[in-house]
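Just a sequence and a predicted model for now, questions to come.
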2 protein chains.
Amino acid sequence: MAQRMTYRAEPFEHVVMADGVVVVAVDAEGRVALVRQNLPLHGEAVSVPGGMIEPGESPLEAARRELGEETGVVAEALSPLGVFAPMPRSTQRLHVFEASGLTVGDPQLTQEEVEQAMVVEWWPVEKAVEAVWDGLVQLSGSALALLAYSARRPSLTA
Amino acid sequence: MAQRMTYRAEPFEHVVMADGVVVVAVDAEGRVALVRQNLPLHGEAVSVPGGMIEPGESPLEAARRELGEETGVVAEALSPLGVFAPMPRSTQRLHVFEASGLTVGDPQLTQEEVEQAMVVEWWPVEKAVEAVWDGLVQLSGSALALLAYSARRPSLTA
């Protein structure tokens, strides 16, 4: 215990960041909403919708907003799949949601998202999981979200 | 295409970070090496061994070194399970490995790891996956690594 108390009394180099959300939104046909875009640092990728939580928003509100902005989807239900820390030295936590009961409308992309050539695609979940192995799901949060969904919903992805 | 070229000509706020590694090391009895520690920002957690790649190291060399330092394990084989970007605005990439053919020795912890009360535990893989759902696997890289291993090696974790 002394070690832990000593440790906590010393400075721990870290960054303070807002939390983020990712959303696995699967329609009645078992297809998941993905955004294909050209990531400036990492190249071509497919990701699940997501982004940063804005000041005053709950994780659930942010998930609903990002899903709507990036894919045009309105979901009847959003359920938590887990909360994770992307980096031990960052305060950021990533909230993973599953969305169901989907109604599809038009995305409302930001200028930056338009510039990243972001487009919405609907893939069978099992194809999205294959893309994790193939390297096209570049972002670890998206990969984690897709594998978590697949593990919790094996009947849809077998 | 014009949009992409315009985009690339503009500054994209990002951080430059070294790459990291995580290792799913499973012994002949199907037990995975986990490190339990008290994360300063996120509290009690179990994680797979891992850390930053040092200058001049390959991802494979870093994985072998971190596995040895944190758990005392020497592996006959290390195989890649994937490479992911933890954050779109960071250059960092996380290299996920599976280790097999394990020989267990003594960990060589750094002072910081000792202060974080890091201890090695060996868990059945399916219990480690349950800890992903329970919130004890706090780090997203560890959660991703465990779910990826479990998805690729279903016979060991069913």
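In hand now; what should we look at? The shown structure was predicted, so the numbers you read here are calculated from the model rather than taken from an experiment.

Sort out which residues of stretch A:88-108 are buried, please.
Of all the residues in stretch A:88-108, those buried under the rule 16 or more other Cβ atoms under 10 Å in any protein chain shown are A:88, A:90, A:92-99, A:102, A:107. To be clear about C-beta, it is placed using only N, CA and C from the backbone, and glycine gets the same treatment.

Would you point out which residue is most central in chain A?
A centroid search over chain A (Cα atoms, centre = their mean) returns A:Val22, at 2.0 Å, as the residue closest to the centre.

Beta-bridge partners for that residue, please?
Beta-bridge partners for A:Val22, by DSSP bridges, are A:Gly50, A:Val96.

who are the neighbours in contact with it?
Each residue near A:Val22 by Cβ atoms under 8 Å, 6 or more residues apart in numbering or on different chains is listed here: A:47-50, A:63, A:94-97, A:141-142, A:144-145.

one more time with 6 Å
Remark: with contacts taken as Cβ atoms under 6 Å, 6 or more residues apart in numbering or on different chains, A:Val22 is in contact with A:48, A:50, A:96, A:141, A:145.

The closest residue to A:Pro40 other than its chain neighbours: neighbour count?
Counting by Cβ to Cβ, 6 or more residues apart in numbering or on different chains, the nearest residue to A:Pro40 once its immediate chain neighbours are dropped is B:Phe12, at 4.4 Å. Burial of B:Phe12 is recorded as 14 neighbouring residues (other Cβ atoms under 10 Å in any protein chain shown).

how close does B:Phe12 sit to A:Asp19?
Per Cβ to Cβ, to the nearest Å, B:Phe12 is found 22 Å from A:Asp19.

Could you list the contact residues of chain A toward chain B?
By Cβ under 6 Å from any Cβ of the partner chain, the part of chain A that sits against chain B consists of A:3-4, A:7, A:12, A:14, A:38-42, A:84-86, A:88, A:91, A:94, A:115, A:117, A:138-140, A:143-144, A:147, A:151.

Give me the subset of those residues lying in strands.
For those, the ones inside strands are A:38-39, A:84, A:94, with DSSP state E as the criterion.

Dump those residues into JSON lines; add pLDDT as well.
Putting those into JSON lines (pLDDT from 0 to 100) gives the following:
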{"residue": "A:Asn38", "pLDDT": "91"}
{"residue": "A:Leu39", "pLDDT": "92"}
{"residue": "A:Phe84", "pLDDT": "98"}
{"residue": "A:Leu94", "pLDDT": "98"}
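
I'm done for today, thanks for sticking with me.
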